[in-house]
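K.L.:
need the 3D shape of this:
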Amino acid sequence: MATSRGPAIIPTVFYRDPMAALRWLESAFGFETSMVVTDETGAVGHAETTWRGGVIGVGGEFSSPELIGPARMKSPVSLQGAGSQFIRLEVDGDLDAHCERARAAGARITQEPADQFYGQRTWRALDLEGHVWTFHQPAADVSATVKAAGRGLKIRTSLDEKET
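P.N.:
Residues are numbered from 1 along each chain as shown. Coordinates of the predicted model:
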C-alpha cells in the first residue's frame, strides 16, 4: 500500500512550552495547528502547524544522544536569546494588519512593515520565546540584478558559476 508524501521540507522550532507556543502562533500569526503528539504525561513530543499549505514543526526542548548525538534542541530563551535560524513567510492580504495582529498578541516587533529595495514589504518579530519570524509580500517587480546591485552584491545561480 502506497503512503502519501508530505512536504519535502519541514522546519522545526523548539520551545520550553510548545503547547503555549502553538496557541500563541495561532493567535499572533494566524497559524493553524494540524497535529499534536503527546506522551503519557501530556507533554508535547511533536506538533505541526500550517501556513498557506506549508508545515512548521513545533517541539519541546530535548537532547537524545541516540537520535542527534551531542546536539541539544533549545529555545532561544534558554540560550540568552541566541538562535540559529529564522523562518520567513509570505503573507496574503494586508501585511500591516498582520503585523498589528501580532503586536496585539504580544509579539515584539523588531522591524516595522517597510518596503525594501529588493521589492518586498517586510516586517519582523520575536515570538514569546525569542524565535525570529519574518513576514513579507511582493511590493514591486525588481530583477535579481537590481536587488543585488542595491546592496553592492553579485549574483551566482550555482557555486560553480562565475559572479555576474
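
K.L.:
max-length helix in this structure?
P.N.:
Across the chain, the longest stretch assigned as helix under DSSP state H is helix 18-29.

K.L.:
how far does that helix sit from the chain's center?
P.N.:
The chain centre lies 13 Å from the centre of helix 18-29; the measure is Cα atoms, centre = their mean, to the nearest Å.

K.L.:
same question for stretch 29-44.
P.N.:
Put simply, stretch 29-44 sits 17 Å off its chain's centre (Cα atoms, centre = their mean).

K.L.:
about what we covered before: what's the next secondary structure element after the longest helix of the chain?
P.N.:
Using DSSP states H and E, the helix or strand that follows helix 18-29 in sequence is strand 32-38.

K.L.:
that next one pairs with which strands, and in what direction?
P.N.:
Strand partners for strand 32-38, identified by DSSP bridges, are recorded as strand 44-51 (antiparallel).

K.L.:
and the contacts of the strand it pairs with?
P.N.:
Taking contacts as Cβ atoms under 8 Å, 6 or more residues apart in numbering, the residues outside strand 44-51 that touch it are 10, 18-19, 22, 25-26, 29-39, 55-60, 89. Where you see a C-beta, it was placed from the backbone N, CA and C, and this is true even at glycine.

K.L.:
just the buried members of those residues?
P.N.:
18-19, 22, 25, 29-31, 55-56, 58-60, 89 (16 or more other Cβ atoms under 10 Å).
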